[in-house]
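> need coordinates for the following:
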Amino acid sequence: RSAADIVNTAEEKTLADILFQYGEERASRRIARSIVNERKTSPITTTQRLAALVAACLPRPKPGQVHPATRSFQALRIAVNDELRQLVQGLAAAERALKPGGILAVVTFHSLEDRIVKRFFQSRSGDAARGNRFAPELEQDAPRFERLTKKAVTASAQEMAQNPRARSAKLRMARRLSAPAGPVDALEIGLPALALEGGV
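Next comes the predicted model:
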């Protein structure tokens, strides 16, 4: 489905879920309601019209802030391309394909992607966080990766000056160990439930 299909035919609740889960947009319900009301008049066929609709639902941005519709457009792009589910499948495929000693390097560009990669590496290296420190330790599988970067590597000020697009990039790396590949719990590593349901 195209972004136009989603904007013009998705139910209000589905639209709000897309904006919230994929765009982390706090005003998702208000924006979804505005889109549904607007499309009753005529279909929304231009990005300019959609951007204006979203902007009207949010406070005016301060100088230097991104356009108010940025998160909503990100959400629609992720939904159309099924990006987060593809990321989880790619990580699992890399685990199966890499030989021991092989290095998996992943560059992410927004927090949803980075959270998934971070949790994947944590869970596959035996460093998954426990929900409660008083709970008994669960038996864990043998580590499949050794993390080479405990924290994400970000661009230096010099690199950002040369390449402004690098400002949101985060690099995480891990070395494949000899334990056999296993199934990945997509929800456990941060895949939104909407993506697990097959997207939209």
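> can you name the residues that contact Val54?
Ile31, Ser34, Pro68, Ala69, Ser72 (Cβ atoms under 8 Å, 6 or more residues apart in numbering). The C-beta positions use only the backbone N, C-alpha and C, and glycine is treated the same way.
> cutoff 6 Å now
Shown in contact with Val54 (Cβ atoms under 6 Å, 6 or more residues apart in numbering): Ile31, Ala69, Ser72.
> show only the entries of these found in helices.
Ile31, Ser72 (DSSP state H).
> please enumerate the helices of the protein.
Going by DSSP H, the chain shows helices at 3-9, 12-23, 28-41, 47-56, 70-81, 83-97, 111-124, 157-162, 193-196.
> Arg176: which of those is closest?
Arg176 lies closest to helix 83-97 among these, at 7.2 Å (Cβ to Cβ).
> so what touches that closest one?
Leu104, Ile116, Phe120, Ala181, Val184, Ala186, Leu191, Ala195.
> relative to Val117, how far out is the fourth one?
If you measure Ala181 against Val117 using Cβ to Cβ, to the nearest Å, the figure is 17 Å.
> quick one: the residue of the chain most remote from its centre from Glu11, how far?
Residue distances from the centre of the chain (Cα atoms, centre = their mean) peak at Thr41, which lies 32.7 Å from the mean C-alpha position. Remark: distance between Thr41 and Glu11 (Cβ to Cβ) = 18 Å.
> do the same with Met160
41 Å.
> pick out whichever of the two has more residues nearby.
Met160 (15 against 11; other Cβ atoms under 10 Å).
> not including adjacent chain positions, what is the nearest residue to the more buried one?
In space, and not counting its chain neighbours, Met160 is closest to Arg167: 5.1 Å by Cβ to Cβ, 6 or more residues apart in numbering.
> please apply the same query to Arg119.
Ile189 (4.0 Å).
> what count of nearby residues applies to the one you found?
Neighbour count for Ile189, taken as other Cβ under 10 Å: 21.
> wait, what's in contact with it?
Counted by Cβ under 6 Å, 6+ apart, Ile189 has contacts Ile116, Arg119, Phe120.
> so what pLDDT did it get?
In this model, Ile189 is scored at 96, pLDDT.
> roughly how far does it sit from Glu24?
17 Å.
> state the distance from the residue nearest to the spatial centre of the chain to Val80.
A centroid search over the chain (Cα atoms, centre = their mean) returns Leu112, at 2.8 Å, as the residue closest to the centre. In this view, Leu112 and Val80 are 15 Å apart by Cβ to Cβ.
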